[in-house]
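J.: sequence and predicted structure below; questions after.
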Amino acid sequence: MKLKNKLNRVLHDRGLAEGEVALVARLDQGHLNRIKNGRVKPTLVTALRISQALGIPVQQLFWLEGSEAATGVGSEAHAAEGAGAARA
């Protein structure tokens, strides 16, 4: 299974730059970019740092492709949650 994320959507919706989030999450901006684009998988600690920096529960920011049906959380739900978190 492939690890999916909605980093791109959250950054765009909130008008945040990768560098801002990387700084708060204590990550290299290039590493955050590679995670965002699915080129590398974050460690659990890194995923938690990113989710805390954005104020979003890690399970709403990252999920396993194909697990949407099992968890009831699909891409539409992820998009809706991201929009709700952006307003908070």
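T.: Noted; the coordinates are in hand.
J.: only C-alpha atoms from now on, for both contacts and neighbour counts.
T.: Fine.
J.: and stretch 21-34, average pLDDT?
T.: Averaged across stretch 21-34, pLDDT comes to 97.
J.: gap between the two ends of that stretch?
T.: End-to-end distance for stretch 21-34: 14 Å, by C-alpha to C-alpha, to the nearest Å.
J.: give me the buried positions along it.
T.: 21-22, 25, 29, 31-33 (16 or more other C-alpha atoms under 10 Å).
J.: so residue 3 bridges to which residues?
T.: Note on residue 3: beta-bridge partners residue 64, judged by DSSP bridges.
J.: tally of neighbours for it?
T.: Counted with other C-alpha atoms under 10 Å, the neighbours of residue 3 add up to 15.
J.: OK, contacts around it?
T.: By C-alpha atoms under 8 Å, 6 or more residues apart in numbering, residue 3 lies in contact with 38, 41, 62-65.
J.: try it again at 6 Å.
T.: Residues in contact with residue 3 (C-alpha atoms under 6 Å, 6 or more residues apart in numbering) are 63-65.
J.: contact partners for the closest residue to residue 63 other than its chain neighbours?
T.: Distance criterion C-alpha to C-alpha, 6 or more residues apart in numbering; nearest residue to residue 63, sequence neighbours excluded, is residue 4 at 5.3 Å. Residue 4 makes contacts with 62-65, as judged by C-alpha under 6 Å, 6+ apart.
J.: same check on residue 6?
T.: Taking C-alpha under 6 Å, 6+ apart as the test, what residue 6 contacts is residue 61.
J.: need phi/psi at it.
T.: Recorded main-chain torsions at residue 6 are phi -120, psi 30, according to degrees, to the nearest 10.
J.: in three-state terms, label the nearest residue to residue 32 once chain neighbours are set aside for me.
T.: Nearest residue to residue 32, sequence neighbours excluded (C-alpha to C-alpha, 6+ apart): residue 22, at 6.4 Å. Following DSSP: H, G, I helix; E, B strand; the rest coil, we place residue 22 in the helix state.
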